[in-house]
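Chemist: got a predicted model here, sequence first, then my questions.
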Amino acid sequence: MAKSISKSTPLNTTFRVSLVLKGLDGVLELVGGMLLLLVSPSHMNSVVRFLTQHELSEDPHDLVATTLVHLAGSLTVSATLFGAIYLLLHGLVKVALVWAVLRDKLWAYPWMVAFLLVFIAYQGYELVVSFTWGMALLTAFDIFIVWLTLHEYREHRERKAHRRDERQPPTQNLREYP
């Protein structure tokens, strides 16, 4: 019996690369969450001021540097705790689901889609409240990954059904001949 070999298509490769990027994003969220837990808001403010000092001396109106200084200066203990918990949970779930999907665990595909749809809804709300291009691009990327995940899930299920059909013994013709 011939073995069915799934060929890697450009869409499949795009899916895998996108998942790896999502996984790396999850790892960065875990690192960020740990940093928020370990570094006090006042120390974070000092570090951000130190890191942006040179840029602000050259251009006091630098958008990124002034935004970072403003955000770091307005951090509270409760805000950093919320941010840490959010990043840790979000990162952990993301890494676990990406790992499971990359290992072709069929149960993980619907969970990945559901997880991303919840965050797409939240990101949509954030876009309505205060639009940023970063959030818009992240939301578009997440929508693309949902589409790719659904496509791969269907392909995965079809391959699994095809393999199951190949393993079943052929039915014999039970007709009697005179």
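Modeler: Structure received.
Chemist: please look at residue 110 and residue 154 and confirm they touch.
Modeler: No - applying CB atoms under 8 Å as the test, residue 110 and residue 154 come out as separate, 11.5 Å apart. In this view, the C-beta of every residue, glycine as well, is placed from N, C-alpha and C.
Chemist: what packs against the helix or strand that contains residue 163?
Modeler: Using DSSP states H and E, residue 163 falls within helix 133-167. In terms of contacts (3 or more CB pairs under 8 Å, 6 or more residues apart in numbering; DSSP states H and E), helix 133-167 is packed against helix 10-38, helix 108-129.
Chemist: how about the ones you listed, which one is nearest residue 50?
Modeler: helix 10-38 (15.5 Å; CB to CB).
Chemist: that closest one - contacts with which helices or strands?
Modeler: Helix 10-38 packs on helix 77-102, helix 133-167, going by 3+ CB pairs under 8 Å, 6+ apart.
Chemist: go again with 10 Å.
Modeler: helix 77-102, helix 108-129, helix 133-167 (3 or more CB pairs under 10 Å, 6 or more residues apart in numbering; DSSP states H and E).
Chemist: give me the mean pLDDT for the last one.
Modeler: Mean per-residue pLDDT for helix 133-167: 88.
Chemist: and for stretch 98-106?
Modeler: 93.
Chemist: buried ones in that stretch?
Modeler: Using 16 or more other CB atoms under 10 Å as the test for burial, stretch 98-106 gives 98, 100, 101.
Chemist: now, which of the residues you listed sits nearest residue 81?
Modeler: residue 98 (25.8 Å).
Chemist: relative to residue 123, how far out is that closest one?
Modeler: Applying CB to CB, to the nearest Å, the value for residue 98 to residue 123 is 18 Å.
Chemist: please name the nearest non-neighbouring residue to the most centrally placed residue in the chain.
Modeler: Geometric centre of the chain, nearest residue: residue 22, 3.6 Å, by CA atoms, centre = their mean. Excluding the flanking residues, the one nearest residue 22 by CB to CB, 6 or more residues apart in numbering is residue 98, at 5.3 Å.
Chemist: I'd guessed the one you found sits against residue 15; true?
Modeler: No - Residue 98 is beyond contact range of residue 15, at 11.2 Å (criterion: CB atoms under 10 Å).
Chemist: okay, and the common contacts of the two?
Modeler: residue 145 (CB atoms under 10 Å, 6 or more residues apart in numbering).
Chemist: domain-wise, how is the chain divided?
Modeler: 12-101, 104-163 (automatic domain parsing).
Chemist: got any ranges where this protein has weak pLDDT?
Modeler: Counting by pLDDT under 70, the chain has low-confidence residues at 1-7, 168-178.
Chemist: got the CA positions of stretch 126-143 in CSV?
Modeler: This file holds the C-alpha atoms of stretch 126-143, laid out as CSV (Å, rounded to 0.1, in the frame of the first residue of the first chain):
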residue,chain,number,x,y,z
GLU,A,126,-8.8,48.9,21.1
LEU,A,127,-8.7,50.1,17.5
VAL,A,128,-12.1,51.8,17.9
VAL,A,129,-11.1,53.4,21.2
SER,A,130,-7.6,54.6,20.1
PHE,A,131,-6.4,53.6,16.6
THR,A,132,-2.7,52.9,16.2
TRP,A,133,-1.1,51.4,13.1
GLY,A,134,0.8,48.9,15.2
MET,A,135,-2.5,47.5,16.6
ALA,A,136,-4.1,47.5,13.1
LEU,A,137,-1.1,45.5,11.7
LEU,A,138,-1.2,43.1,14.6
THR,A,139,-4.9,42.6,14.1
ALA,A,140,-4.5,42.0,10.4
PHE,A,141,-1.7,39.5,11.1
ASP,A,142,-3.9,37.7,13.6
ILE,A,143,-6.8,37.5,11.1
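Chemist: thanks a lot, catch you later.
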